[in-house]
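K.L.:
Below is the sequence, then the predicted model.
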Amino acid sequence: MEEIDISRAIVEDFTRNFLESLELDIAIVGAGPSGLMCGYKLAQAGYKVAVFERHLRAGGGMPGGGMMFNSIVIQKQVIRIMEELGISTRKYNDELFVASSIETISALCYKAMKKGVKIFNLTSVEDVVVREERICGIVINWSSVVWSKLHVDPLSVKARFVVDATGHDAEICRIVERKTGKNLNTPQGIVCGEKSMWADKAEAEILDNTKEIYPGLFVCGMAANAVFGSPRMGAIFGGMFLSGEKAAQLIDEKLKGVKK
Ligand code: 48F
């Protein structure tokens, strides 16, 4: 065995994956629970999907549970999703169940990748590609480049739809708001900003907030609540899964109506 074979194997495999992902059906920004769920469902429906994640590991806010107590809470109505993913849950009361945050995110990554989702970690999305007032791709760079503030130009990826699953900061929606004028699909055309903690209301509103926010751009997860000025909810994750699932359903409906 030669060390150079290890190098060659890694570079060739990554390059093949990357080249295959330059033209996507759906580019998802953020590998938190909502983005991964959205990717899993879209890949299950047969689409070519990649998830771009800024950090070293996938999972977003999930592995940390609540204040680093690494359990998560989910509602009864998402037990069907936990069962589909093969995740163990324990009943807490008539409405709530608990699960390991690590098991949950591991299962989500595993199932998504087995369906064909590619996950690019350490990759930051710093801009979008816009043509005729429609988002048709993302602009990416190594996170290390962004963090080091190096002057290195990015690369772009073409996608039929982009999903902002960036969590509390709703980063992609904010970029689109800034660069295309105040034309988001919100009452004021802007990112309203998330409100303070109110778990019940936040979970109730998240599905309504999950939608196409600009032509070609969907928003899901906590980013959807941030965009529409709904509250945050803390370490309860049912809404995140349902929101990712809903974004996937909406995109599927759109793509079914569009010729390839
Ligand atoms: O924050 P995150 O987990 O978003 P989510 O799927 O779930 C929210 C919950 O974790 C939690 C909550 C509980 O219900 O409120 O906060 O809505 O995952 C978002 C991921 O997006 C990545 C970020 O590192 C995180 O892993 N991300 C954010 N901006 C970018 C990005 C970017 N510009 N490029 C690439 N990744």
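P.N.:
Structure's in. What do you need? Numbers count the residues shown, from 1 in each chain.

K.L.:
can I assume residue 29 is in contact with residue 159?
P.N.:
No: here residue 29 does not reach residue 159: they are 10.2 Å apart, not a contact under Cβ atoms under 8 Å. The way it works is simple: take the backbone N, C-alpha and C, and place the C-beta from them, glycine included.

K.L.:
what touches both of these two?
P.N.:
Shared contacts of residue 29 and residue 159 (Cβ atoms under 8 Å, 6 or more residues apart in numbering): residue 138.

K.L.:
which bits of this protein sit near the ligand?
P.N.:
Residues of the chain lying close to the ligand (Cβ under 6 Å from any ligand atom) are 29-35, 52-55, 60-62, 124-125, 165-168, 171, 221-223, 232-233, 235-237, 240.

K.L.:
got the residue ranges for the helices in the stretch 51-200 of the chain?
P.N.:
79-85, 101-114, 143-147, 171-180, 199-209 (DSSP state H, counting those that start in this stretch).

K.L.:
For my notes, please list the ones you listed in CSV and give mean neighbour count for each entry.
P.N.:
Converted to CSV, those look like this (neighbours: other Cβ atoms under 10 Å):
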stretch, mean neighbour count
helix 79-85, 16
helix 101-114, 20
helix 143-147, 15
helix 171-180, 20
helix 199-209, 18
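
K.L.:
so which of these comes closest to residue 217?
P.N.:
helix 171-180 (6.2 Å; Cβ to Cβ).

K.L.:
okay, that closest one in CSV with CA atoms only?
P.N.:
The C-alpha coordinates for helix 171-180 follow below in CSV (Å, rounded to 0.1, in the frame of the first residue of the first chain):
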residue,chain,number,x,y,z
GLU,A,171,-29.1,33.4,5.9
ILE,A,172,-30.1,32.7,2.4
CYS,A,173,-33.3,34.7,2.7
ARG,A,174,-31.4,37.6,4.1
ILE,A,175,-29.0,37.5,1.1
VAL,A,176,-31.9,37.4,-1.3
GLU,A,177,-33.6,40.3,0.5
ARG,A,178,-30.4,42.4,0.4
LYS,A,179,-29.5,41.7,-3.2
THR,A,180,-32.9,41.5,-5.0
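
K.L.:
Report the mean per-residue pLDDT for that helix.
P.N.:
Averaged across helix 171-180, the pLDDT comes to 97.

K.L.:
Wait, residue 31 touches residue 53, no?
P.N.:
Yes: with contact defined as Cβ under 8 Å, residue 31 and residue 53 form a contacting pair (3.7 Å).

K.L.:
between the two, what contacts are shared?
P.N.:
With Cβ under 8 Å, 6+ apart as the test, residue 31 and residue 53 both reach 119, 121.

K.L.:
how far out from the middle of the chain is the helix or strand hosting residue 50?
P.N.:
For residue 50, the host element (DSSP states H and E) is strand 49-52. Relative to its parent chain, strand 49-52 has a centroid offset of 8 Å by Cα atoms, centre = their mean, to the nearest Å.

K.L.:
Paired strands for it, with orientation please.
P.N.:
The pairing partners recorded for strand 49-52 under DSSP bridges are strand 23-29 (parallel), strand 118-120 (parallel).

K.L.:
Buried by neighbour count: which residues of stretch 53-73 qualify?
P.N.:
53-54, 58-63, 65, 70-73 (16 or more other Cβ atoms under 10 Å).
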